[in-house]
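Undergrad: One predicted model, sequence on top.
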Protein chains: 6
Amino acid sequence: MTKKITEQFKEEREALNEIVMKYASLNVKRFYNLDTRVYQEGALSSKTKELLGLVASLVLRCDDCIKYHVIRSHEVGVTSEELEEALAIGLTVGGSITIPHLRRALQAWDELSEGF
Amino acid sequence: MTKKITEQFKEEREALNEIVMKYASLNVKRFYNLDTRVYQEGALSSKTKELLGLVASLVLRCDDCIKYHVIRSHEVGVTSEELEEALAIGLTVGGSITIPHLRRALQAWDELSEGF
Amino acid sequence: MTKKITEQFKEEREALNEIVMKYASLNVKRFYNLDTRVYQEGALSSKTKELLGLVASLVLRCDDCIKYHVIRSHEVGVTSEELEEALAIGLTVGGSITIPHLRRALQAWDELSEGF
Amino acid sequence: MTKKITEQFKEEREALNEIVMKYASLNVKRFYNLDTRVYQEGALSSKTKELLGLVASLVLRCDDCIKYHVIRSHEVGVTSEELEEALAIGLTVGGSITIPHLRRALQAWDELSEGF
Amino acid sequence: MTKKITEQFKEEREALNEIVMKYASLNVKRFYNLDTRVYQEGALSSKTKELLGLVASLVLRCDDCIKYHVIRSHEVGVTSEELEEALAIGLTVGGSITIPHLRRALQAWDELSEGF
Amino acid sequence: MTKKITEQFKEEREALNEIVMKYASLNVKRFYNLDTRVYQEGALSSKTKELLGLVASLVLRCDDCIKYHVIRSHEVGVTSEELEEALAIGLTVGGSITIPHLRRALQAWDELSEGF
């Protein structure tokens, strides 16, 4: 299988963010900045922070956000075991309603892992 | 129209669940088991339980979950009138924000009903 | 224990609905009407409909709505077994985040059951 | 680029609403009526009301609802600045989880604006 | 009746925000700043912006946020008719699940209006 | 200040869980078990897991769940800096609507920290 899902996501995200920036005021830009800063290494590691973003995205059931944090988790060296344990917490907190998103999270992860 | 939506859904769900099981720990498997058990005939009938799952899915606006319970409701013999009354409760509880999901719920139901 | 929780809820609800009606336009009144009609006996029984309202309220985590449907479920003759099975579906669909509401649902139910 | 997204949305919405009406009881029809009435010019202008509907749809993250109110906002003469300020409120209230929907909102708006 | 609800809310909010600031990093402070800026007069009036904040808070069912925007709406001169029309949109979009919050919104508004 | 909030919470939680267990079927008990297991030390540390639970609770805006994970985070040795960074992610993901819950999270944390 080609890297369809994650690659497609990145391209679409890029293209649409350009449209956002065409209309964005200073406030929207400030939000985008903040959204980058909170994930930067600090008292907590990047790994932990990406998993926090991932679980928050899973329980809020946002597929695009999930894909983003799955990709980032992969980049910062999260292991399959760590990812699974984080997702299991999200599943338990958020309930069966998160299962379709859990499926797509692991589909994206599987795609990235196959890439090794 | 061919049985596109519901058939496609079942195939995709199957394929992705296989990926989930590739990574799933005992905890995730326990959750999947529980998710089957709570819908089993008991003090409440399967029909009532599927409608409970359907309305919960509608107000939480989860299309995949809705499709699943629409298919199951059809299998256990829910009538169009019963389904509509359950959905009307979900619509009133959840508001106009559920309308796009109501549309897709009835699209799937219509597809299954035509199958008769 | 006195019937504190459910009685208090009914009084407060009554008092606040009077304030709502002081400001309500025809549209808000129409919504209130609709909210009564969808629970009326039809193809589905009142019992089933109250349980649908209860589970929808549980997964959306609305304590007041839960209390209302617990009281109504008690009035239309739902048994403890039926209530528990409905709540178990809500818990599984909505996840551990519903547990505090499940607790308060059963606290209200317990209070009403003791009344017998 | 052709007016793909907004046109496609309108056609699909129309087609699915026909299926809804095939099954709809009086209660569902009443809800649909109410859903039209609350946006009618009154003490608040249509413009303000469409923006209220848009921000509510953004924070509840309903893409179809967002598209609908973006189209309606365009029809009643909302400017890009007004739309952006409304969306910035929605983004701040609803958080980064609304960003994928913000992107698609502005994609639809951009499509409509290009149409001039 | 004394101005209990709105006054109590303001005091508690103040006291807890002090605790937040005791722990807040630059990022949290940036968020607080942004949360002030998006409601400032611009292409849209303060009145419209407060109503956008109010409806967003209603559909997300956040009582504290609702109280805050009800108080602010009162300060910037929103009328009872305007408030009611905004709330009617929130009720329709968000469903009966918002009714308990609608009640408390109008209770706070009634308290403030009596103050005249 | 006495340890009011967190102590009160623990007592109430205990008392209500007893009522839950009075009515709970095997399925509800299974869910409770699972809800304990997913937070056990594994590939991820208890500290990370409690923070995952905390952020999930913040973005879903469940005060009781937040209090529980704040207490647990304190027990497993999370520092104020770590907690703040986790909450800042939750705030950014979930938006200003989480602020009232952020306030109460830090109020509980402050109470526990003063206890040293």
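TA: Done, it's in.

Undergrad: contacts, neighbours, all on C-alpha from now
TA: OK.

Undergrad: ok, now which ones touch residue A:100?
TA: Listed by Cα atoms under 8 Å, 6 or more residues apart in numbering or on different chains, the contact partners of residue A:100 are B:64-65.

Undergrad: for residue A:49, that is, sorry about that
TA: By Cα under 8 Å, 6+ apart, the contact set of residue A:49 is A:39-41, F:86, F:89.

Undergrad: Which one of those residues is nearest to residue D:27?
TA: Sorting the contacts of residue A:49 by how near they are to residue D:27, with Cα to Cα, puts residue F:89 at the top with 42.1 Å.

Undergrad: Let me know whether the closest one touches residue A:54 as I believe.
TA: No: the pair residue F:89 and residue A:54 fails to qualify as a contact (Cα atoms under 8 Å) at a distance of 10.6 Å.

Undergrad: coming back round to it: so among the contacts of residue A:49, which ones count as buried?
TA: A:39, F:86, F:89 (16 or more other Cα atoms under 10 Å in any protein chain shown).

Undergrad: how about a markdown table for those, with pLDDT, secondary structure and distance to residue E:14 added?
TA: Conversion of the buried ones among the contacts of residue A:49 to a markdown table gives the following (pLDDT from 0 to 100; DSSP: H, G, I helix; E, B strand; the rest coil; distance: Cα to Cα, whole Å):
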| residue | pLDDT | secondary structure | distance to residue E:14 |
| --- | --- | --- | --- |
| A:39 | 98 | coil | 28 |
| F:86 | 98 | helix | 23 |
| F:89 | 98 | helix | 23 |
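
Undergrad: With distance to residue B:6 as added columns, please give the residues you listed in CSV.
TA: Formatted as CSV, the buried ones among the contacts of residue A:49 follow (distance: Cα to Cα, whole Å):
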residue, distance to residue B:6
A:39, 39
F:86, 40
F:89, 38
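
Undergrad: Tabulate these in a markdown table, adding columns for distance to chain C.
TA: A markdown table is the format used below for these (distance: Cα to the nearest Cα, whole Å):
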| residue | distance to chain C |
| --- | --- |
| A:39 | 25 |
| F:86 | 18 |
| F:89 | 19 |
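
Undergrad: Give the members of those residues that are also in contact with chain E.
TA: Among those, no residue is within reach of chain E (Cα under 8 Å from any Cα of the partner chain).

Undergrad: from those residues, which single one is nearest chain D?
TA: Sorting the buried ones among the contacts of residue A:49 by how near they are to chain D, with Cα to the nearest Cα, puts residue F:89 at the top with 9.7 Å.

Undergrad: in the helix ranked longest in chain A, what counts as buried?
TA: In chain A, ranked by residue count with DSSP state H as the criterion, the top helix is helix A:4-23. By neighbour count with 16+ other Cα under 10 Å, helix A:4-23 contains the buried residues A:6, A:13, A:16-17, A:19-20, A:23.

Undergrad: Report the mean per-residue pLDDT for it.
TA: Across helix A:4-23, the average pLDDT comes to 96.

Undergrad: Mind giving me the packing neighbours of that helix?
TA: Under the contact definition 3 or more Cα pairs under 8 Å, 6 or more residues apart in numbering or on different chains; DSSP states H and E, helix A:4-23 sits against helix A:63-75, helix A:99-114, helix D:80-94, helix D:99-114.

Undergrad: Using PDB, write down the CA coordinates of the second one.
TA: Read that as helix A:99-114. Extracted in PDB, the C-alpha atoms of helix A:99-114 (Å, rounded to 0.1, in the frame of the first residue of the first chain):
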ATOM      1  CA  ILE A  99     -13.900   3.400  17.900                       C
ATOM      2  CA  PRO A 100     -14.200   4.600  14.300                       C
ATOM      3  CA  HIS A 101     -11.500   7.200  15.100                       C
ATOM      4  CA  LEU A 102      -9.400   4.600  16.800                       C
ATOM      5  CA  ARG A 103      -9.600   2.500  13.700                       C
ATOM      6  CA  ARG A 104      -8.400   5.400  11.500                       C
ATOM      7  CA  ALA A 105      -5.700   6.400  14.000                       C
ATOM      8  CA  LEU A 106      -4.200   2.900  13.800                       C
ATOM      9  CA  GLN A 107      -4.700   2.800  10.000                       C
ATOM     10  CA  ALA A 108      -2.500   5.900   9.700                       C
ATOM     11  CA  TRP A 109       0.000   4.500  12.300                       C
ATOM     12  CA  ASP A 110       0.200   1.200  10.400                       C
ATOM     13  CA  GLU A 111       0.900   3.000   7.200                       C
ATOM     14  CA  LEU A 112       3.700   5.000   8.800                       C
ATOM     15  CA  SER A 113       5.200   1.900  10.500                       C
ATOM     16  CA  GLU A 114       5.200   0.000   7.300                       C
END
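
Undergrad: just the angle between it and helix A:4-23, please?
TA: Counting by axes from the mean of the first three to the mean of the last three Cα atoms, to 10 degrees, helix A:99-114 points 110 degrees away from the direction of helix A:4-23.

Undergrad: likewise the last one?
TA: Put simply, helix D:99-114 runs at 60 degrees to helix A:4-23, going by the same axes, to 10 degrees.

Undergrad: How about the shortest one?
TA: Computed with the same axes, to 10 degrees, the direction of helix A:63-75 lies at 110 degrees from that of helix A:4-23.

Undergrad: Show me which parts of helix A:63-75 are buried, residue by residue.
TA: For helix A:63-75, a neighbour-count test (16+ other Cα under 10 Å) marks A:63-74 as buried.
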